[in-house]
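Visitor: next input, structure requested:
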Amino acid sequence: MASASVLEQKKKFVEDIASKMQNSIAGVLVNYQGITVEDDTALRANLRKAGVEYTVVKNTLLSKACDIVGFDEMKSSLTGMTAIAFSETDPVAAAKILSEYAEKHDNYKIKLGFVQGKVIDNNEVGKLAKLPSKEELIAKMLGSMNAPISGLVTVLNGNIRGLVVALNAIKEKQEASA
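Guide: Numbering: from 1, shown residues only. Below is the predicted model:
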C-alpha cells in the first residue's frame, strides 16, 4: 500500500496536469516508445523554444486529470507510453513540432490532441499542424494591408509624374513659339 506522502504527491501531480490542460489553448498526446535519448533531448529543446511544455505522464494519472477536466474521450487513447505537450499561447506550435517529428520517426505516434477545450483526433492534429503559425498569419495580414497602400502611392506618383511631363511639354512649346 502506498504511503500517504506518495498519494499526496500523485494527487498534486494530477491537479497540476489538469490545471495545465485547462489553462492551455492546445495540447497533443503522443506515444513516445522507442525514441532515443538524443532524439528526445532535441525534441524537448525545439518544444521549449516554441513555448511548449512537454512531459511524460503515467496513463492512470492522466486519466484522473481527464476526469477533472472533462476530456473523457481522451481516456480510450491512454495506452502505451504517453507524453503530453501543452501550449498556453500558440494553438499550432505543439502540433506542428510533434507532427514533423512523428513524420521522421516511425515509432513516434500522435495519439490525439485538444484545442480550446475540445478533444481532436490525430488526423485533426495533422491538419492543425499544417496551419501557418501566428507570426506567419500576422505577416500575411500586414502584407495584404500594405498592398492597397502601395498601389495608391504608385497611382498618385503616376498622376503627378504625368502632370509634370504635361506641364514641361507646355513650357517647352511656349518657349519654342516665343
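
Visitor: give the contact list for the residue nearest to S133 when sequence neighbours are not counted.
Guide: Nearest non-adjacent residue to S133, counting by Cβ to Cβ, 6 or more residues apart in numbering: V92, 5.5 Å away. Where you see a C-beta, it was placed from the backbone N, CA and C, and this is true even at glycine. Counting by Cβ atoms under 8 Å, 6 or more residues apart in numbering, V92 touches 26, 128-129, 131-134.

Visitor: list buried residues within those.
Guide: Buried subset of these (neighbour count, 16 or more other Cβ atoms under 10 Å): 26, 128-129.

Visitor: care to break the protein down by domain?
Guide: With domains defined by automatic domain parsing, the chain comprises 4-131, 132-178.

Visitor: determine which stretch of the ones you listed is the most buried.
Guide: Among the domains of the chain, domain 4-131 has the highest mean neighbour count (mean count of other Cβ atoms under 10 Å), at a mean of 17.

Visitor: what's the span of it, first residue to last?
Guide: The first and last residues of domain 4-131 sit 46 Å apart, counting by Cα to Cα, to the nearest Å.

Visitor: roughly how far is that domain from the heart of the chain?
Guide: Centroid separation for domain 4-131 versus its chain: 13 Å, with Cα atoms, centre = their mean, to the nearest Å.

Visitor: pLDDT (mean, whole number) over that domain?
Guide: Averaged across domain 4-131, pLDDT comes to 90.

Visitor: and the gap between the spatially most central residue of the chain and T55?
Guide: In the chain, the centroid-proximal residue (Cα atoms, centre = their mean) is V92; its distance is 1.8 Å. Distance of V92 to T55, given as Cβ to Cβ, to the nearest Å: 20 Å.

Visitor: using PDB, write out every CA atom in whichever helix or strand L98 is part of.
Guide: L98 is part of helix 93-104 when elements are defined by DSSP states H and E. What follows is helix 93-104, C-alpha atoms only, in PDB (Å, rounded to 0.1, in the frame of the first residue of the first chain):
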ATOM      1  CA  ALA A  93       3.100  25.100 -32.100                       C
ATOM      2  CA  ALA A  94       2.900  21.700 -30.300                       C
ATOM      3  CA  ALA A  95       1.000  20.000 -33.200                       C
ATOM      4  CA  LYS A  96       3.400  21.400 -35.800                       C
ATOM      5  CA  ILE A  97       6.600  20.300 -34.000                       C
ATOM      6  CA  LEU A  98       5.300  16.900 -32.900                       C
ATOM      7  CA  SER A  99       3.900  16.100 -36.300                       C
ATOM      8  CA  GLU A 100       7.200  17.000 -38.000                       C
ATOM      9  CA  TYR A 101       9.000  14.800 -35.500                       C
ATOM     10  CA  ALA A 102       6.500  11.900 -36.000                       C
ATOM     11  CA  GLU A 103       7.000  12.000 -39.800                       C
ATOM     12  CA  LYS A 104      10.700  11.500 -39.300                       C
END
